[in-house]
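> any chance you could fold what I've pasted below:
(one chain, ligands or ions: 1)
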Amino acid sequence: MAPKLYWILASPPARAVVFCAKQLGIELDLIEVDILKNEQYKPEFLKINPLHTVPVLDDDGFIITDSHAIMPYLVSKYRKGNSLYPEDIKKRAMVDQRLHFDSGTLFANHIRVCMPLLNKRTKAIPEDILTALTEAYCVLEGFLLDSKYVAGEDLTIADLSIWTTITNCSGYHPVEKNKYPKIAAWLKRMEATPCNDLNKAAGDYIRDLFQSLLS
Ligand SMILES: N[C@@H](CCC(=O)N[C@@H](CS)C(=O)NCC(=O)O)C(=O)O
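Purely as a prediction, here's the structure:
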């Protein structure tokens, strides 16, 4: 039985898990939770995830929330040793650090923009969040100074996390390619993955959605 994933295309962490499974050749049974219609607050979903967020993985009754935990689980359970989440302790520590950068800095600031806009509590983006995102872009440029991917020379789950988040952030705070040449080159590398079509579709949808919510 394929593991079930509660998700929605527009969500960066949900996409990252789908892309991780795709890279690993793991089939997932995708179940959409439309957070634009507040479906995450339905009692049956809250029972699965009281934090009311997607993605959530249900692997034959084993429930795990948060993309940054789900992706290491998928690699460790189904494709142990895969370079997406390396076994080498130092390489893995680097991937973990980048995952925390996404979770605690990049995505954390993005979600502070996103949810108030989606819930129509505001029509503006606070300046301090844009400043924090700019700082995060500078840090990301630094990660990529001497390496092809965010945690070294190989594509890892950290690239999937950061790429999907950057895609959504770009809907209202584009990465200026001339200011961040390393990010621009890395984005080109990510665009060459088999996940690009779906990520691009999500990015286009998000950009239009943000434009309408901000006008
Ligand atoms: N750290 C979590 C973040 C999950 C998250 O915040 N997901 C958003 C969509 S991008 C969500 O479901 N929001 C609905 C809500 O907070 O009610 C992860 O990586 O899975």
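> and the closest residue to residue 132 other than its chain neighbours, how close does it get to residue 129?
Excluding the flanking residues, the one nearest residue 132 by CB to CB, 6 or more residues apart in numbering is residue 109, at 4.7 Å. C-beta coordinates here come from the backbone N, C-alpha and C atoms, glycine included. Distance of residue 109 to residue 129, given as CB to CB, to the nearest Å: 5 Å.
> what of residue 147?
Residue 147 is 28 Å from residue 129, by CB to CB.
> any stretches of this protein with poor pLDDT?
Along the chain, no part satisfies pLDDT under 70.
> so what touches the longest helix anywhere in it?
Identified as the longest helix of the chain according to DSSP state H is helix 196-214. With contacts defined as CB atoms under 8 Å, 6 or more residues apart in numbering, helix 196-214 is touched by 9-10, 15, 18-19, 117-118, 120, 123-125, 163-164, 167-168, 170-172, 190-191.
> how about 10 Å then?
For helix 196-214, contacts defined as CB atoms under 10 Å, 6 or more residues apart in numbering pick out 8-12, 14-16, 18-19, 22, 36, 113-114, 116-118, 120, 122-125, 160, 163-164, 166-174, 190-191, 193.
> quick check: buried residues in stretch 12-28?
Within stretch 12-28, the residues scored as buried using 16 or more other CB atoms under 10 Å are 12-24, 28.
> name the nearest of those residues relative to residue 154.
Nearest to residue 154 among the buried residues of stretch 12-28, counting by CB to CB, is residue 23 at 11.4 Å.
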